[in-house]
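K.L.:
Got a sequence here, can you model it:
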Amino acid sequence: MKRMRPKFLSMLTVAVWATNLLFLLTMSTAAVEKSGEATSTNEQISVDRLAPDSRGGEAYKLVYLVRAPIDVYWKFKTDFDNDFLTTNKYIEEHRFISRSGNTVITEDRYSHVPGLVFRWKTSVFPASYRLDFVLMNPEECGQKFHYGRIRLESVTEGTRVTQVAYFDFWGASLWAKYPWRGGMKNFLSFTARWEQETILRLMDLYYDEKPKQKTDDEPIPPFNP
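P.N.:
Numbers count the residues shown, from 1 in each chain. Okay, here's the model as predicted:
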């Protein structure tokens, strides 16, 4: 009995620690969401959790303001064969694979999931300033599915960006609820701030004196792939 006591006490300590952590996580999330801070990091960026896909998982809506004209920002956003994405600390490698009509294939490697290659298919709709994206190899990346949509809207201050995404992987719920550094809100807010800063730095590259008339190559398909 004496030999088992240290092991028992160790297990009890771990159990109490885990319970306290879960309690703090739950209370912190509830308190932040109640105050409104969980859905808004500042006046220009907001992150909200949405009802998930019918298959489960998590979903979010990210809205942020970019201080650039919509046509300029659209060119920046659709410049798939670029080298500026790797200035984002979470993106280790970006590759443009192909384009056929309004469909673009790219690949990315991310610093927080080393060794995995994420292959994305993006459908581009210039007339409506819309991008639909879907992860083509979710199983290889440890996910069940990941897809979403990005819409741009011209506003007085520049361009409002609205991104909605649906995803599912092991631990997705915990990541979506985690209110501190490393959680979904923190990650998405960082990404939005990075875009806000990057387009200002590169804006001159995407100005065009004579903007072309925008037409979509094909009818807009259903959103849910």
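K.L.:
so where's this protein shaky on pLDDT?
P.N.:
For the chain, the stretches flagged by pLDDT under 70 are 1-43, 209-225.
K.L.:
what are the pairing partners of the helix or strand hosting R151, and which direction each?
P.N.:
R151 belongs to strand 143-155 when elements are defined using DSSP states H and E. Strand 143-155 sits in its sheet next to strand 130-135 (antiparallel), strand 158-169 (antiparallel), going by DSSP bridges.
K.L.:
so which of the ones you listed gets nearest V72?
P.N.:
V72 lies closest, by CB to CB, to one member of the strands paired with strand 143-155: strand 158-169, at 8.3 Å. (Glycine included, C-beta is placed from N, CA and C.)
K.L.:
Name the residues of that closest one that are buried.
P.N.:
Neighbour-count burial for strand 158-169, with 16 or more other CB atoms under 10 Å as criterion, is recorded at G158, T159, R160, V161, Q163, V164, A165, Y166, F167, D168, F169.
K.L.:
can you check stretch 187-207 too?
P.N.:
Applying 16+ other CB under 10 Å to stretch 187-207 flags 187-192, 194-196, 198-199, 202-203, 206 as buried.
K.L.:
Out of those, flag the one nearest to R99.
P.N.:
R99 lies nearest to Y206 out of the buried residues of stretch 187-207, by CB to CB, at 17.9 Å.
K.L.:
which residues touch that closest one?
P.N.:
V72, Y73, K75, F76, D79 (CB atoms under 8 Å, 6 or more residues apart in numbering).
K.L.:
Buried only: go through those for me.
P.N.:
For the contacts of Y206, a neighbour count by 16+ other CB under 10 Å gives the buried set as V72, Y73, K75, F76.
K.L.:
Just put the residues you listed in a markdown table and tack on secondary structure and distance to Y110.
P.N.:
Output for the buried ones among the contacts of Y206, formatted as a markdown table (DSSP: H, G, I helix; E, B strand; the rest coil; distance: CB to CB, whole Å):
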| residue | secondary structure | distance to Y110 |
| --- | --- | --- |
| V72 | helix | 27 |
| Y73 | helix | 23 |
| K75 | helix | 25 |
| F76 | helix | 21 |
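K.L.:
My understanding was that D48 contacts K61; is that so?
P.N.:
Yes: contact criterion CB atoms under 8 Å: D48 and K61 qualify, at 4.9 Å.
K.L.:
who's in contact with stretch 44-62?
P.N.:
For stretch 44-62, contacts defined as CB under 8 Å, 6+ apart pick out 38-41, 63-65, 144-145, 161-169, 172-173, 175-176, 184-185, 188-189, 191-193, 196, 224.
K.L.:
ok, for Y64, nearest residue in space, not its chain neighbours?
P.N.:
A192 (4.0 Å; CB to CB, 6 or more residues apart in numbering).
K.L.:
If you count contacts, what does the helix or strand harbouring the one you found end up packed against?
P.N.:
Following DSSP H and E, the helix or strand that holds A192 is helix 184-202. Secondary-structure packing of helix 184-202 (3 or more CB pairs under 8 Å, 6 or more residues apart in numbering; DSSP states H and E): strand 45-49, strand 58-66, helix 70-77, helix 172-177.
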